[in-house]
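Chemist: My questions concern the predicted model and sequence given below.
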Amino acid sequence: MSFRAWYLVHKWTSLVSTLFLLMLCVTGLPLIFSHEIAHLTGASVEPPKLAAEPSAPASIDAIVADAQKRRPQDVPQFLVAEADEPELVYVRMAEKVDSEGLTAFYTYDARTGEFLSEYPLGQGFMDLMLRLHTDMYLGLGGTLFLGFTGLLLGASIVSGIYVYGPYMKKLRFGTVRRDRAVRLKWLDQHNLLGMVTLVWLLVVGITGTINALNRPIFAAWQATELAALAAPYRDVPPVTGFVSADAAMKAARQAHPDKSLSFMAYPGNGFATPQHFVAFMNGNTPMTSKLLSIAVIDARTAQVVASGEMPWYVSTLMLSQPLHFGDYGGMALKLLWALLDVLSIVVLWSGLVLWWKRRNVTAEQKLASLQGNPVPATASVTE
């Protein structure tokens, strides 16, 4: 490709993506600390300290029954757990077991069965940040569009390296020409911070694009692997009435004794079959804690009828989600992610300023400027 082609790719991929990327960086900053903010604001709770640990965990069926009493018009969809908080268990309620949305998200003490809190749904600052960051309140279309901006970001970075890389070699690393025109100072700062954040921007751009495919990826799994698991039971009537989540969880843990529950879908949910619970289990190491294994449990007999690992494309999604928000290395990595996020905001904003000041400059004039040649007098340049 010619310089002109690379320059145009960099210019237009940057312009199209920058405003949305600025929004993603601004909204992503508090989301890095979503767990901590939820606890500070009381949206989530810490497990209470007990004088003595119970000899056995609380009955999951009793916990689900309590959730059912709180919303008798709804049904449980999922049981959810967090690997770093094994003392807690969450019950997700919805109008129907296969509804896309949820109506309540309850937190219980897994040791005593005590109700602890109800997570506020669809309200508050963090919910606003999450919706803007994930779909801009436009549903799947908004999610896929934001994922597309991640691809534009990658194209902008690669083309920017080609356009500016050879000429940045002429300057010592970190040089900002403060004694020259204001535009040159902005350009040096933009390029310097761009180099500092380059790898990080690529990482969050790629993982963000993968995360945007969350629903299509799980839809593919449901249409293939899950459908194959359900096929032998096509003629078996759906389970009705009471089903024991407690027995199903015990069976899943016996099938995967070295793993912990991530979430378990109720029979009839899109992540299960009409006759089975499906438990999604994760490992207990930093890497395997982000990956999922499954156990398919007959809801009538509480017997595991199938067990296995999720396919590679789901595993890729599971690994990309925590990496996108720096959720791998504790608070130290989150602070690094936050710093790089702020630097990226500066890079994006300075890029907009640079474009606005030289929005009428052609690729040929840009090349002449980078090579140190006089810019033709006809160029509209604002220094």
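Modeler: Great, that's in hand. Numbering: from 1, shown residues only.

Chemist: As CSV, could you dump the C-alpha coordinates of stretch 137-146?
Modeler: Extracted as CSV, the C-alpha positions of stretch 137-146 are listed here (Å, rounded to 0.1, in the frame of the first residue of the first chain):
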residue,chain,number,x,y,z
TYR,A,137,-29.1,1.0,25.1
LEU,A,138,-29.5,-0.3,21.5
GLY,A,139,-29.5,-4.1,22.3
LEU,A,140,-27.5,-6.5,20.2
GLY,A,141,-27.1,-4.1,17.3
GLY,A,142,-25.4,-1.6,19.6
THR,A,143,-23.1,-4.3,21.0
LEU,A,144,-22.0,-5.5,17.6
PHE,A,145,-21.4,-1.9,16.5
LEU,A,146,-19.2,-1.3,19.5
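
Chemist: Please enumerate residues in contact with that stretch?
Modeler: With contact meaning Cβ atoms under 8 Å, 6 or more residues apart in numbering, stretch 137-146 is reached by Phe20, Leu24, Arg131, His133, Thr134, Asp135, Met136, Gly208, Ala212, Leu213, Asn214, Arg215. Bear in mind the C-beta positions are built from the backbone N, C-alpha and C, glycine included.

Chemist: and with 7 Å instead?
Modeler: Applying Cβ atoms under 7 Å, 6 or more residues apart in numbering, the contact partners of stretch 137-146 are Phe20, Leu24, Arg131, Thr134, Asp135, Met136, Ala212, Arg215.

Chemist: looking only at pLDDT, what's the mean for stretch 342-353?
Modeler: Stretch 342-353 carries an average pLDDT of 83.

Chemist: re earlier: helices - which of the contacts of stretch 137-146 land there?
Modeler: Here DSSP state H is the test, and these give Phe20, Leu24, Arg131, Thr134, Ala212, Arg215 as lying in helices.

Chemist: who wins for most neighbours among the residues you listed?
Modeler: Leu24 (27 neighbours; other Cβ atoms under 10 Å).

Chemist: Any figure for the gap between the closest residue to that one other than its chain neighbours and Ile37?
Modeler: Leaving out its chain neighbours, the residue that sits closest to Leu24 by Cβ to Cβ, 6 or more residues apart in numbering is His133, at 6.0 Å. Plainly put, His133 is 14 Å away from Ile37 if you go by Cβ to Cβ, to the nearest Å.

Chemist: Between these two, tell me which one has more neighbours.
Modeler: His133 (22 against 17).

Chemist: Spit out the contact partners of the more buried one.
Modeler: By Cβ under 7 Å, 6+ apart, His133 lies in contact with Leu24, Thr27, Gly28, Leu31.

Chemist: again, only this time at 10 Å
Modeler: 23-31, 143, 146, 208, 211, 325 (Cβ atoms under 10 Å, 6 or more residues apart in numbering).

Chemist: same thing with Ile161?
Modeler: Trp6, His10, Met168, Gly194, Met195, Leu198.

Chemist: give me the number of residues near the last one?
Modeler: Under the neighbour criterion other Cβ under 10 Å, Leu198 is assigned a count of 16.

Chemist: Give me the pLDDT value at it.
Modeler: pLDDT at Leu198 comes out at 81.

Chemist: got it, and the fourth one?
Modeler: Gly194 carries a pLDDT value of 70.

Chemist: ok, it - contacts?
Modeler: Contacts of Gly194 by Cβ under 10 Å, 6+ apart are 156-157, 160-161, 164, 168, 201, 343-344, 346-348, 350-351.

Chemist: And for the last one?
Modeler: The contact partners of Leu198, by Cβ under 10 Å, 6+ apart, come to Ile157, Val158, Gly160, Ile161, Ser344, Val347.

Chemist: in whichever helix or strand the last one is part of, what's buried?
Modeler: Using DSSP states H and E, Val347 sits within helix 330-357. Burial within helix 330-357, assessed by neighbour count using 16 or more other Cβ atoms under 10 Å, is assigned to 333-334, 337-338, 340-341, 343-345, 347-348, 350-351, 354, 357.

Chemist: same question, stretch 309-326
Modeler: For stretch 309-326, using 16+ other Cβ under 10 Å, the buried residues are Met310, Val314, Leu317, Met318, Leu319, Ser320, Gln321, Pro322, Leu323, His324, Phe325, Gly326.

Chemist: so how far is Ala255 from the fifth one?
Modeler: If I follow you right, that is Leu319. 23 Å.

Chemist: Tell me where the chain has helices.
Modeler: 3-32, 34-41, 60-70, 125-134, 139-168, 182-212, 214-221, 227-230, 245-255, 312-324, 330-357, 363-370.

Chemist: what's across from Val304 in the sheet?
Modeler: Ile297 (DSSP bridges).

Chemist: so who does it touch?
Modeler: 248, 251-252, 254-256, 276-277, 279, 294-298.

Chemist: next one: Asp246
Modeler: Pro57, Ala58, Ser59, Ile60, Asp61, Ala62, Ile63, Val64, Leu79, Ala302.

Chemist: Quick one, grab the pLDDT at it.
Modeler: pLDDT at Asp246 comes out at 96.

Chemist: before we move on, what about the one 5 residues further on?
Modeler: Looking at Ala251, its pLDDT is 97.

Chemist: returning to that earlier point: packing partners of the helix holding Val347?
Modeler: Applying 3 or more Cβ pairs under 10 Å, 6 or more residues apart in numbering; DSSP states H and E, we find helix 330-357 packed against helix 3-32, helix 34-41, helix 139-168, helix 182-212, helix 312-324.

Chemist: if we go to 6 Å?
Modeler: helix 3-32, helix 182-212 (3 or more Cβ pairs under 6 Å, 6 or more residues apart in numbering; DSSP states H and E).

Chemist: Compute the inter-axis angle for that helix and helix 139-168.
Modeler: 70 degrees (axes from the mean of the first three to the mean of the last three Cα atoms, to 10 degrees).

Chemist: what's the spacing between helix 330-357 and its chain's center?
Modeler: Taking Cα atoms, centre = their mean, to the nearest Å, one finds helix 330-357 lying 19 Å from the centre of the chain it belongs to.
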